[in-house]
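**Student:** Here is the input, now give the coordinates:
(chains A, B, C and D)
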Number of protein chains: 2
Amino acid sequence: MNPNENERNYTPSKYRTPDGAPSDIAIFTITTTEKLTVKKALPTRELRVMLVQRKAWPFAGQWALPGGFCHESESMHECARRELQEETGVADVHMEYFNVYSNPGRDPRGWIISHAFLALVQEKRLASRRAADDAAAVQLLPVEEALRMDLAFDHKEILSDALNKIREKMVTTTIAKEFLPEEFTISELYQVIQTVVPDFEEKNFIRKITSTQSRKGIIEEVRDLNGEPKLSNRYSQRAAQLYRFTDHKPQLSIYS
Amino acid sequence: MNPNENERNYTPSKYRTPDGAPSDIAIFTITTTEKLTVKKALPTRELRVMLVQRKAWPFAGQWALPGGFCHESESMHECARRELQEETGVADVHMEYFNVYSNPGRDPRGWIISHAFLALVQEKRLASRRAADDAAAVQLLPVEEALRMDLAFDHKEILSDALNKIREKMVTTTIAKEFLPEEFTISELYQVIQTVVPDFEEKNFIRKITSTQSRKGIIEEVRDLNGEPKLSNRYSQRAAQLYRFTDHKPQLSIYS
DNA sequence: TCAATAGTGTCTTTTAGACAGTATTAT
DNA sequence: ATAATACTGTCTAAAAGACACTATTGA
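**Tutor:** Okay, the predicted model is just below:
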């Protein structure tokens, strides 16, 4: 049997096909605000998400997650990378796919199947680009505030799902590192986790993360050229030990 | 501003659109074979996946994951449910979406974006349907064997990803219950986990799952009408305590 | 009585959890 | 000196891990 014969028989336009396959991206960042105390103090941190204001029909004027249509020549992931680059100017950041949104009628333009990604970006990497943009059409909003708004399409559902996803991953993986500098203190790590997962609370956090055998290995002390422990007094009078993440990925299990 | 005015201006067919958005489903089951020993013994279990043989171009004659094109009137999840029903005759089983496959050129028919699901089905629920089907065109293959085959499209990659996904979920969630009867023994549970995750090994498994406080609650002892412990001697001379899963979902964390 | 699975006793080591106490240092 | 953050000491309770041991029962 000659496959070309079959190929000639194949009629691709026999069926109704989708009108588009966009990607939408929940771009999260943590903003850091210094406290107005006399002495050094831990900063206030806030989880924010990037929204853009729609210019055209449908949902003109309403706020939406950034995103755009996929081209034939690219994969969904490449599409999302491109949109992220166009929107924020950043390229090499953590981005992951998490769900598809395809309910009939979700987009008045037709049959449009949206692929949702989430990205984690450091605040300082967004700063440069945001000034260049049309400031009024892009904003970085606290997530609770964004979730109270009337977002375009089903973007409230997408954002809510994205938030649940990063909350889960924040405590089960080492993605906290995406919001931290290369070297950080235990307090910073603890703060970042609490900013994303408000009800996260671990007594003796420093103990667990530094001395428990099963966790041992996800972070390590930073030492200077002389092998002396490297410290930071960014947030405290007393200098704190700096740590960095290792490549170790702990394996979680409900049966161990 | 009148939205209808904008709607009239909107031209949906200005851009190239996808040629189709199918779902593909990795349908897993565990087959159970009694051992040919004189005395009672634990059965041999094997993880298998359902494959169908393609009839038409492209990849005619080759084996592929079951699936099919999404209709405009349904969501991706509804599409996958429908395909699962058509292929196996089962409806109310565990099924979840796990990834999108959209590399350009992955399908010679054109720009086709595939949405991959995985389903877990009990062997006995597949039995009835498989006899009715054209037996030669559907098979239930051990996963390692399927992964050694030259599958159609990028289905080897999809199957491999699906396998990784259920291995991860097998130890981090309670999906083991999808492969077990309502009431089961600790040995059965242990066997099911090991069948999916070959290098799973827990010493003192019974201890951890029944007496550890943090895990306590994911399963519970079954008792009969008189409140007596309900036992089973299906696989052993000495009767074993039966358990059932509760609704409790343990929260995992690398920081606790 | 033996083979096969089910489950327990007991010991040691590790971890969790609480919480009071000490350490550091810019202001 | 004080306020703010960074740790450590020490105790108790809980859990993990090893492994030899007992229990049950159909063939």
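
**Student:** can you give me phi and psi for the closest residue to A:Ala41 other than its chain neighbours?
**Tutor:** Leaving out its chain neighbours, the residue that sits closest to A:Ala41 by C-beta to C-beta, 6 or more residues apart in numbering or on different chains is A:Lys35, at 4.3 Å. Where C-beta positions appear, they are placed from N, C-alpha and C, glycine not excepted. Per-residue torsions, A:Lys35: phi -80, psi 150 (degrees, to the nearest 10).

**Student:** Counting neighbours, what do you get for A:Lys35?
**Tutor:** 11 (other C-beta atoms under 10 Å in any protein chain shown).

**Student:** contact partners of the helix ranked longest in chain A?
**Tutor:** The single longest helix within chain A, with elements called by DSSP state H, is helix A:155-172. The contact list for helix A:155-172 (C-beta atoms under 8 Å, 6 or more residues apart in numbering or on different chains) reads A:24, A:26, A:28, A:49, A:64-65, A:98-99, A:101, A:114, A:116, A:118, A:120, A:143, A:146-147, A:149-151, A:175-176, A:193, A:196-197, A:200, A:252, B:172, B:251-256.

**Student:** Would you tell me what the next helix or strand after it is?
**Tutor:** Once helix A:155-172 ends, the next helix or strand along the chain (criterion: DSSP states H and E) is helix A:186-196.

**Student:** Give me the neighbour count for the residue in the stretch 1-150 of chain A that DNA strand D sits nearest to.
**Tutor:** At 3.6 Å from DNA strand D, A:Ala41 is the closest residue in the stretch 1-150 of chain A, using C-beta to the nearest atom of the strand. Neighbour count of A:Ala41, defined by other C-beta under 10 Å: 12.

**Student:** Just the helices from the stretch 101-250 of chain A, written as ranges.
**Tutor:** With DSSP state H, counting those that start in this stretch, the ranges of helices along the stretch 101-250 of chain A come out as A:123-132, A:143-148, A:155-172, A:186-196, A:205-211.

**Student:** Spell out which residues of chain A are next to DNA strand C.
**Tutor:** Proximity of chain A to DNA strand C (C-beta under 7 Å from any atom of the strand) is limited to residues A:38-40, A:202-204, A:207-208, A:211-216, A:233, A:236-239.

**Student:** ok, now which ones touch A:Gly61?
**Tutor:** Residues counted as contacts of A:Gly61 (C-beta under 8 Å, 6+ apart) are A:53-54.

**Student:** residue contacts, the nearest residue to A:Ile193 once chain neighbours are set aside?
**Tutor:** Closest residue to A:Ile193 apart from its sequence neighbours, by C-beta to C-beta, 6+ apart: A:Phe200 at 5.1 Å. Neighbouring residues of A:Phe200 by C-beta under 8 Å, 6+ apart: A:170-171, A:193-194, B:255.

**Student:** go on, A:Val138?
**Tutor:** Taking C-beta under 8 Å, 6+ apart, we find A:Val138 in contact with A:50-53, A:87, A:130.

**Student:** any idea of the pLDDT on it?
**Tutor:** Per-residue confidence (pLDDT) for A:Val138: 93.

**Student:** Kindly report the same for the one 3 residues further on.
**Tutor:** Looking at A:Leu141, its pLDDT stands at 97.

**Student:** Please look at it and A:Gln53 and confirm they touch.
**Tutor:** No - applying C-beta atoms under 8 Å, one finds A:Leu141 not in contact with A:Gln53, separated by 11.5 Å.

**Student:** what residues does the stretch 1-150 of chain A put near chain B?
**Tutor:** Counting by C-beta under 8 Å from any C-beta of the partner chain, the residues of the stretch 1-150 of chain A close to chain B are A:1, A:3, A:6-7, A:9-10, A:12, A:15-21, A:56-58, A:60, A:69-77, A:97, A:99-100, A:102-104, A:108-111, A:113, A:115.

**Student:** So how do I select the buried members of these in PyMOL?
**Tutor:** Applied in PyMOL, the following selects the buried portion of the residues of the stretch 1-150 of chain A next to chain B according to 16 or more other C-beta atoms under 10 Å in any protein chain shown:
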select buried, chain A and resi 17+18+19+20+21+57+69+70+74+75+76+77+97+99+100+102+111+113+115
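
**Student:** Pull the contacting residues for A:Ala64.
**Tutor:** Neighbouring residues of A:Ala64 by C-beta under 8 Å, 6+ apart: A:24, A:51-54, A:151-153, A:155.

**Student:** Looking at these, spot the one nearest A:Pro229.
**Tutor:** A:Pro229 has its nearest neighbour among the contacts of A:Ala64 in A:Leu51, at 42.3 Å by C-beta to C-beta.

**Student:** Show me what the residue nearest to the closest one when sequence neighbours are not counted is bridged to.
**Tutor:** Distances taken as C-beta to C-beta, 6+ apart place A:Trp63 nearest to A:Leu51, at 4.3 Å, with adjacent residues excluded. Beta-bridge partners for A:Trp63, by DSSP bridges, are A:Gln53.
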